[in-house]
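>>> Build me a model:
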Amino acid sequence: MKAARLLGDHGGPPMRAAVVAAGSRLFIFAVGLAAVALLGISHPEWAWRFPEGAETFKGVLGSLLNPWAHWDGVWYIKIARAGYADADGSTAFFPLYPLILRYAGYLFDGNLVVTGIAVSLLCFAGSAWFLYRLVAQDFDDKVASRAVVYLCLFPTSFFLQAVYTESLFLVLSLACFFWAREGRWRLSGLAGLLATLTRSTGVLLLVPMAVYYFQRRGWRLRRADADSANLLMVAEGLLIWMAYLSLSFGKPFLFAEAQDQWRRSTMLPNFSIARALEAAAQGARQLLSGQYLDLYWPVAAPGDAYSVAAANLIALAFLAVSAACLAYGLRRLPPAYSLYGVVSVVYPLCFPATYVPLLSLPRFVLAAFPVFVALALYTRDRPRAHRAVVVAMVLALAALTVRFARFEWVA
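Have a look, this model is predicted:
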């Protein structure tokens, strides 16, 4: 009854959002702990685990904390400890988060698993605060509260407390967006620069910054002034990373070359979508066949066929839902929201992977926060739809958290 009241339309929206934000983190920790304690860890290649850095605890504490340094978390811990190398693919991971891990780690006696979780949780709290403040200014407290609820319960929101860049990138993106809306261009540009040092997609923040900037000037280029230089700070983040790679390895675009390790290529979004549809159709056929031989792409080992097939179906579902939300919000959201949401979803489509064309898209959608705002607008006066969305999200969040905690690929 109490949970229903918190997720319904009773009580104060700010308090409701705060309770769901905190409760969602406890729920995810509990699900991850139960998954590892009852089902155990699956067995990825030893090279993915680096147990000396990413599996620092034993027993119950290990089941509670170690899962949050899985997959990319292993890379970030490795980089924070040993730095970058030319040929190991590490330069695909941008430098700000590993730098924070390295130096914030001194506060946690060098334990980078705990450090990463703490940093991500702190940034998650900041993301929820910025999202609420931003949306409340453009709509109302109810829509703002629901947008935060949907972010917290989104099926891949467990990444927001993992040793991943998701929380850091999201809080910097929202800060950039928030300050651009207020016309505080230097702060907005600095947040955008730091976001670009976190992930390459930070350059997309130029879009909402430019929209807000020229809106204030009546869309007249001749009214541009010295504040426009702050927009360029977003791109400077990428230039800083390229300069480091050039000085260290003689290859300014090494971050792009490193993507070959994940079998990514460059392609127009429409071709990526076509490939994703084909992969999902073949994935459905694979799952229905009950055996491994029907898969139309090669796999490394028995068992991969089902995993890849499921990944393609899940990724396409996330793309479809995100596109539907953004389409609904196209005439209801401010232009800066809609444009940023669209480019955030379209950008990953330009770099499909071989086996899973929409690789990691379910995780990347977390940064496309206008998706959650559009969904909040849709359910604003539809309580049944809101409850259905919450139930569906919680069930999917639990299922994907179990997979991630057990060291099985999610996104």
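>>> From here on, just use CA atoms for contacts and neighbour counts.
Will do.
>>> Make sure I have this right: Ala87 is in a strand.
No. Assigned with DSSP: H, G, I helix; E, B strand; the rest coil, Ala87 falls outside any strand and is coil.
>>> how close does it get to Gln286?
35 Å (Cα to Cα, to the nearest Å).
>>> try Arg403
Here the criterion is Cα to Cα. By it, Arg403 lies 20 Å from Gln286.
>>> Report pLDDT for Gly11.
At Gly11, the model reports a pLDDT of 51.
>>> Against Leu245, how distant is the nearest residue to Tyr76 once chain neighbours are set aside?
Distances taken as Cα to Cα, 6 or more residues apart in numbering put Pro98 closest to Tyr76, at 5.5 Å, once the chain neighbours are dropped. Separation of Pro98 from Leu245 (Cα to Cα): 15 Å.
>>> Tell me which of those two has more neighbours.
Pro98 (26 against 20; other Cα atoms under 10 Å).
>>> Tell me if I am right that that one is in a strand.
No. Secondary structure assignment (three-state DSSP) places Pro98 in helix, not in a strand.
>>> so it sits right up against Ile77, yeah?
Yes. With contact defined as Cα atoms under 8 Å, Pro98 reaches Ile77; the gap is 7.0 Å.
>>> so Ala104 sits right up against Val113, yeah?
No. At 11.3 Å, Ala104 and Val113 do not qualify as touching, with contact defined as Cα under 8 Å.
>>> Between those two, point out the one with more neighbours.
Shown here are Ala104 and Val113; by other Cα under 10 Å, Val113 has more neighbours (29 against 18).
>>> and the more buried one, helix, strand or coil?
Following three-state DSSP, the label given to Val113 is helix.
>>> Would you confirm that it contacts Thr56?
Yes. Using Cα under 8 Å, Val113 is in contact with Thr56, at 7.4 Å.
>>> picking that back up, out of Ala87 and Gln286, which sits in the more crowded spot?
Each of Ala87 and Gln286 has its neighbours counted (other Cα under 10 Å); Gln286 has more, 21 against 12.
>>> Tell me the buried residues in the helix or strand containing the more buried one?
Using DSSP states H and E, Gln286 sits in helix 269-289. Across helix 269-289, burial judged by 16 or more other Cα atoms under 10 Å covers 269, 272-273, 275-277, 279-280, 282-284, 286-287.
>>> what does stretch 19-34 give?
Buried, per 16+ other Cα under 10 Å, within stretch 19-34: 20-21, 24-25, 27-29, 31-34.
>>> In CSV, list those along with secondary structure and pLDDT.
CSV is the format used below for those (DSSP: H, G, I helix; E, B strand; the rest coil; pLDDT from 0 to 100):
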residue, secondary structure, pLDDT
Val20, helix, 92
Ala21, helix, 93
Ser24, helix, 97
Arg25, helix, 97
Phe27, helix, 97
Ile28, helix, 97
Phe29, helix, 97
Val31, helix, 97
Gly32, helix, 96
Leu33, helix, 96
Ala34, helix, 96
